[in-house]
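Student: only geometry, no sequence info:
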């Protein structure tokens with residue numbers, strides 16, 4: 001990876017302007033190189049917006065040094081000032097944290113005597129409107145105050161008086177993701193003789209029964225605290241007060257560790273930046289500036305001295321020690337491991353865009369439990385060997401993926417040499433189909449690589465036939481296969497990516513979602529339904545890969561404040577995943593299988609016809625699955641069985657829309673409207689793929705999206721779809737589909753249309769549960785099309801293709817069944833425990849899949865017949 005790319009990938013986003021301007025310096029080096037070899041009096045570089053007056057003739061090395069060194073000095077001064085500022089803030093925060101720990105040691109467990117005396121009078125005073133859903137509380141337990149999170153991942157107290165007043169209130173901000181933290185410990189010294197105004201302990205409006213319950217609970221807490229204070233410390237006690245104290249200190253130490261580690265990484269990146277830019281300068285201009293400048297200037301600057309590095313490392317080691325004391329019972333090794341995992345999670349969530357996360361989810365589809373336990377979602381692992389084969393030169397480790405690859409090749413070679421189908425071209429195409437299916441199902445190599453390999457095999461083995469039945473030559477087959485691969489459907493997919501990226505980059509998706517969720521209220525059942533609706537709606541427009549990632553980010557403040565072992569957390573995560581799968585069938589651009597289905601239709605459906613069927617099907621599926629989850633999890637019930645939990649209503653984002661956001665909304669709505677009426681304007685636009693060019697031009701031409709956004713599109717999905725289209729065309733052209741259709745026709749002969757629909761739905765559901773939904777559609781859509789053409793009573797191919805596409809999205813019974821399930825299966829609590837297990841998917845995913853497939857086969861079938869399919 002080039003250093004400029006590594007710098008962008010590893011830099012802290014909020015500090016980007018404070019890093020060395022590597023690209024600008026590199027541009028200037030090339031400008032100096034141009035001057036060195038071309039005599040001129042004035043150098044004008046319009047692209048770099050630079051203007052440098054130079055001497056007549058070729059510029060000398062010393063003159064170049066004189067021009068370049070001041071730029072380096074300026075960058076070094078910028079880095080130094082920023083480092084000194086951050087260092088002071090962080091060490092002040094570390095000192096405040098040590099004071100709090102010392103005070104907690106002095107107080108011990110006696111600080112919990114008034115643990116339940118804390119009121120709610122100012123619980124809303126300093127909430128952050130930008131991050132909704134911070135509070136979950138029991139009906140008879142007071143809520144806790146929130147404090148705003150800072151962008152650096154830690155919060156700072158302004159005065160020592162403030163620290164004394166709130167020394168039991170640990171500001172527990174969290175940097176992954178940037179959500180507010182919601183747990184604080186009430187003061188025990190200043191309020192020892194009176195409860196705060198508005199507390200439940202002194203509320204005259206409370207009923208006698210509730211007041212007695214509160215006092216009984218308070219007395220139990222005081223009894224436990226007094227009984228254990230003699231032989232336990234707050235760091236080892238199992239009382240509620242001690243647990244909360246450890247939990248809050250854990251967050252505070254973790255966030256400070258992330259901040260110090262980020263500052264250390266900042267210094268390392270900038271040091272590498274100076275070294276690499278000087279190395280490039282010396283290489284391009286034939287100079288020897290690197291050694292002199294690095295030794296005499298950079299290494300003497302405050303940030304890069306040995307004393308500064310030792311000071312940072314000492315602070316990090318100090319935090320590890322504090323974490324071991326407060327959290328891991330003195331185990332420094334465990335403390336270091338847990339802090340490193342939090343740091344990796346910070347990198348995974350804070351330094352990646354939504355699209356990079358989406359692509360990461362696809363990559364993680366093949367990861368096993370080791371990667372899940374690691375807690376850092378982008379951290380892979382070395383696959384264990386299936387068997388070790390001893391060779392004369394050493395042993396060879398055969399992994400499961402390698403075994404599947406060898407198996408696929410062996411099956412491919414075998415099928416090429418035996419006669420399975422009478423026609424030679426169809427027989428070779430059958431071998432390619434089986435070979436591709438094994439690779440797709442096992443993921444022995446990346447999915448998009450298999451798809452890219454398909455056209456190579458189709459041309460190499462000469463399986464493509466012309467319209468008259470003759471086999472095409474290699475040049476003819478190459479032109480034909482590439483012409484069908486990049487179809488209007490692919491352009492529609494790219495247009496969908498563009499709309500999704502624009503909505504995400506301008507923050508419209510988050511604003512709309514928070515406003516919708518603000519209507520959900522505080523009832524857990526209603527909140528689950530609201531998130532299901534939002535997840536489904538978001539999946540329609542920003543894909544069912546990015547949508548659950550966004551929703552899981554929004555629910556993290558809620559999950560953090562839930563009591564341990566609450567059934568609401570797994571219920572909500574499962575609901576979002578299942579709803580995102582359902583959203584994959586709701587619009588033509590929400591998932592690749594829908595576009596593959598549209599491509600296969602002889603007369604493509606317009607968006608209005610698609611919505612006429614998909615929206616009622618999705619709504620009915622969401623409601624029935626919601627009832628299933630409510631009955632299965634009972635999310636309202638508190639873990640101890642006493643009372644119900646309550647979710648604090650989410651506050652909508654009140655910021656007004658900007659002109660850029662209005663532009664994005666207008667272009668998106670206009671594009672969707674044109675897609676809906678495409679049939680009426682077909683003579684003008686030709687196909688929906690042409691309409692998809694509108695958002696691409698509008699957003700990239702106006703600067704809403706940049707070149708980097710285009711590069712971060714999910715191109716692996718594009719190539720996956722292109723390979724699937726190529727394979728489908730090859731199966732049809734070679735005659736293999738006609739041969740297979742004869743057997744299917746004999747098997748389905750005499751059966752009614754609805755019977756065929758039920759059989760097809762069951763087959764599609766089973767296959768899409770265990771392999772990628774996209775791959776399932778690639779394999780099954782051509783079969784559905786051929787069966788539909790030969791049904792007695794007319795061509796029903798579009799109907800069966802539509803059924804196949806919708807049912808593909810309902811395969812969600814396993815953790816590996818689609819991107820939303822894979823994302824949900826990796827969600828963890830603050831202790832690194834997974835919210836969902838395989839049992840959750842078996843108990844809820846499989847029934848939900850069957851329910852959704854039946855809705856498609858009943859409600860969906862009736863609506864398709866209504867619109868004339």
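Tutor: Okay, I see it. No experiment lies behind these values; they were computed from the predicted model shown.
Student: pLDDT below threshold where in the stretch 51-200 of the chain?
Tutor: For the stretch 51-200 of the chain, the stretches with pLDDT under 70 are 51-59, 110-200.
Student: ranges for the helices of the stretch 1-150 of the chain?
Tutor: Assigned helices in the stretch 1-150 of the chain, in chain order: 3-10, 22-37, 61-107 (criterion: DSSP state H, counting those that start in this stretch).
Student: Could you do the stretch 301-450 of the chain as well?
Tutor: Using DSSP H, counting those that start in this stretch, helices in the stretch 301-450 of the chain cover 306-326, 332-350, 354-363, 369-374, 400-416, 424-442, 447-460.
Student: ok, and the helix or strand in this structure with the lowest average confidence?
Tutor: Lowest on mean pLDDT, DSSP states H and E among the helices and strands of the chain sits helix 369-374, with a mean of 34.
Student: list the helices and strands the host helix or strand of residue 823 packs on?
Tutor: Under the criterion of DSSP states H and E, residue 823 resides in helix 819-825. Secondary structure elements in contact with helix 819-825, counted by 3 or more Cβ pairs under 8 Å, 6 or more residues apart in numbering; DSSP states H and E, are helix 354-363, helix 524-560, helix 568-583. Using the backbone N, CA and C atoms, a C-beta is placed for each residue, glycine as well.
Student: Which elements pack onto the last one?
Tutor: Judged by 3+ Cβ pairs under 8 Å, 6+ apart, the packing partners of helix 568-583 are helix 524-560, helix 607-633, helix 819-825, helix 846-855.
Student: so where's the stretch 601-750 of the chain uncertain?
Tutor: Scanning the stretch 601-750 of the chain for pLDDT under 70 picks out 641-643, 646, 648-654, 740-750.
Student: Which residue ranges of it form helices?
Tutor: So, for the stretch 601-750 of the chain - with DSSP H, counting those that start in this stretch - the helices run 607-633, 659-676, 682-685, 688-691, 693-701, 707-711, 715-733, 736-748.
Student: Can you report how many residues lie near residue 298?
Tutor: Counted by other Cβ atoms under 10 Å, the residues lying close to residue 298 total 19.
Student: got the contact list for it?
Tutor: For residue 298, the contacting residues are 76, 271, 274, 275, 304, by Cβ atoms under 8 Å, 6 or more residues apart in numbering.
Student: ok, the residues you listed vs residue 765, which is closest?
Tutor: residue 271 (56.0 Å; Cβ to Cβ).
Student: Please name the nearest non-neighbouring residue to residue 655.
Tutor: Among residues not flanking residue 655 along the chain, residue 511 sits closest, at 7.3 Å (Cβ to Cβ, 6 or more residues apart in numbering).
Student: quick one: buried residues of the helix or strand hosting that neighbour?
Tutor: Per DSSP H and E, residue 511 falls inside helix 508-517. Residues of helix 508-517 classed as buried by neighbour count (16 or more other Cβ atoms under 10 Å): 508, 509, 510, 511, 512, 513, 514, 516, 517.
Student: So which elements touch that helix?
Tutor: When contacts are defined as 3+ Cβ pairs under 8 Å, 6+ apart, helix 508-517 packs onto helix 524-560, helix 659-676.
Student: okay, the angle between it and helix 524-560?
Tutor: 130 degrees (axes from the mean of the first three to the mean of the last three Cα atoms, to 10 degrees).
Student: Could I get the average pLDDT for helix 508-517?
Tutor: Mean pLDDT, helix 508-517: 74.
Student: quick one, that helix and helix 659-676 angle?
Tutor: Going by the same axes, to 10 degrees, helix 508-517 makes 80 degrees with helix 659-676.
Student: Need the winner for burial among the helices and strands packed on helix 508-517.
Tutor: helix 524-560 (a mean of 24; mean count of other Cβ atoms under 10 Å).
Student: Please name every helix or strand in contact with it.
Tutor: Using 3+ Cβ pairs under 8 Å, 6+ apart: helix 524-560 touches helix 354-363, helix 488-505, helix 508-517, helix 568-583, helix 607-633, strand 645-647, helix 819-825.
Student: Tabulate these (a markdown table), appending distance to residue 860.
Tutor: Output for the helices and strands packed on helix 524-560, formatted as a markdown table (distance: least, Cβ to Cβ, whole Å):
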| stretch | distance to residue 860 |
| --- | --- |
| helix 354-363 | 28 |
| helix 488-505 | 22 |
| helix 508-517 | 25 |
| helix 568-583 | 12 |
| helix 607-633 | 5 |
| strand 645-647 | 33 |
| helix 819-825 | 20 |
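Student: Mean neighbour count, those: which tops it?
Tutor: helix 568-583 (a mean of 29).
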